[in-house]
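Student: Make a model of this:
(one chain, ligands or ions: 1)
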Amino acid sequence: MIETKVSRGIISTYFDKLQDCLELDAAIVGGGPSGIVAAYYMAKAGLKVAQFDRKLAPGGGMWGGAMMFNQIVIQEEAMHIVRDFEINHTPYENGLYTMDSVESTSSLLYHAVHAGARIFNCYSVEDVIFKDGKVSGVVVNWTPVLREGLHVDPLNILAKVVVDGTGHDSEIAATVARKNGIRLATETGGVIGERSLDVTSGEQEVVNGTKEIYPGLYVCGMAASAVSGTPRMGPIFGGMLLSGKKVADEIIARLRK
Ligand code: 48F
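Tutor: Numbers count the residues shown, from 1 in each chain. All right, here's what the predicted structure looks like:
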């Protein structure tokens, strides 16, 4: 019967996909723009990469533009990435371009999945696997389980590296520091917390702060700003794209060695 065939198709392919992701090269936590860009370049380089986002629609803070005006701004320095993702763009000031935020977000997601990254939506990463003094994977649960406060244990997924792309709260870096009594590679050894808005230094510093902050754990996007204590920058997204590409390039170089 077609009714059960529909169900069988979904169940069998979904669980094949999930089983195939139990051991990853890279687990990316958070489906914001920096994490999606990272997923795309890593998948394109042949790494086995999965991305987990707690929301139904990954894309993080890119869909809404600024104050729900659904346009974003990107500067010249990041336009090579915009071109890789084939996003339409309009120059309007020296070195600045505007884009439709819905087209931009959906293009990032389309290209990442099309390149071979697996995106698991409605998944919350509630912890990491911490073995031999190293971050070695993620601990995941259904977002509705956590929202309901149900007492249901999570599943474990091994990864050679984990990327914290959780945005302003840098949840994974904060959890690793809090639970394991370790020092992150920051001035204080912990998550310093994002500073108030300054576009120029925020855009530069988010890229500088994109790095491995503990063995096996990288940060990108606003999580990198939050961890290093650098300024937010608002609805200019070049720094997010450059940060995602930087973390991908570092991980690709490391895992290819
Ligand atoms: O915040 P977010 O969009 O990440 P980003 O790549 O980009 C920031 C910009 O959108 C914007 C900005 C640019 O100037 O300031 O804010 O740093 O997306 C983060 C995603 O992570 C998910 C969350 O649902 C969101 O889609 N997320 C956060 N914590 C978890 C998580 C978690 N523990 N498990 C799974 N997903």
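
Student: To what extent is Tyr92 buried, counted in neighbours?
Tutor: For Tyr92, the number of neighbouring residues by other CB atoms under 10 Å comes to 9. Bear in mind the C-beta positions are built from the backbone N, C-alpha and C, glycine included.

Student: now swap in the one 3 residues further on and tell me
Tutor: The number of residues packed near Gly95 is 11, by other CB under 10 Å.

Student: backbone phi and psi for Leu155, please?
Tutor: Backbone torsions for Leu155, taken as degrees, to the nearest 10, come to phi -110, psi 160.

Student: How many residues are close by it?
Tutor: Leu155, neighbours per other CB under 10 Å, totals 12.

Student: Give me the nearest residue to it, chain neighbours excluded.
Tutor: Val140 (5.5 Å; CB to CB, 6 or more residues apart in numbering).

Student: what comes into contact with the helix or strand hosting that neighbour?
Tutor: Secondary structure from DSSP states H and E places Val140 in strand 134-142. For strand 134-142, contacts defined as CB atoms under 8 Å, 6 or more residues apart in numbering pick out 24, 27, 29, 52, 120, 122-130, 152-159, 161-162, 172, 176, 214-217.

Student: and these, which are buried?
Tutor: 24, 27, 29, 52, 120, 122-130, 154, 157, 159, 161-162, 172, 176, 214, 216-217 (16 or more other CB atoms under 10 Å).

Student: Take those and keep only those in strands.
Tutor: Members of the buried ones among the contacts of strand 134-142 lying in strands (criterion: DSSP state E): 24, 27, 29, 52, 120, 123-130, 157, 159, 161-162, 214, 217.

Student: before we move on, back to that, per-residue confidence at the residue nearest to Leu155?
Tutor: Val140 carries a pLDDT value of 98.

Student: what about it, distance to Phe69?
Tutor: Distance, Val140 to Phe69, by CB to CB, to the nearest Å: 34 Å.

Student: which sections of this structure are below the confidence cut-off?
Tutor: Within the chain, no range satisfies pLDDT under 70.

Student: most centrally placed residue in it?
Tutor: Nearest to the mean C-alpha position of the chain, by CA atoms, centre = their mean, lies Gly35 at 2.4 Å.

Student: Sticking with that residue, tell me its helix or strand.
Tutor: Here Gly35 is assigned to helix 33-44, by DSSP H and E.

Student: Gly9 too?
Tutor: Following DSSP H and E, one finds Gly9 within helix 2-20.

Student: List of residues touching that helix?
Tutor: With CB under 8 Å, 6+ apart, helix 2-20 has contacts from 48, 118, 120.

Student: Which member of these is positioned nearest the ligand?
Tutor: Nearest to the ligand among these is Phe120, at 9.0 Å by CB to the nearest ligand atom.

Student: any idea how far that closest one is from Gln204?
Tutor: Distance from Phe120 to Gln204, counting by CB to CB: 32 Å.

Student: Also His151?
Tutor: Applying CB to CB, one obtains 45 Å for the distance of His151 from Gln204.

Student: Same check on Asp100?
Tutor: Counting by CB to CB, the gap from Asp100 to Gln204 is 26 Å.

Student: Over to Lys131?
Tutor: Distance from Lys131 to Gln204, by CB to CB: 35 Å.

Student: Determine if any part of the one helix or strand Val82 maps to is in contact with the ligand.
Tutor: Val82 is part of helix 79-84, with elements assigned from DSSP H and E. No: figure legend: helix 79-84 not in contact with the ligand (CB under 6 Å from any ligand atom); closest approach 13.0 Å.
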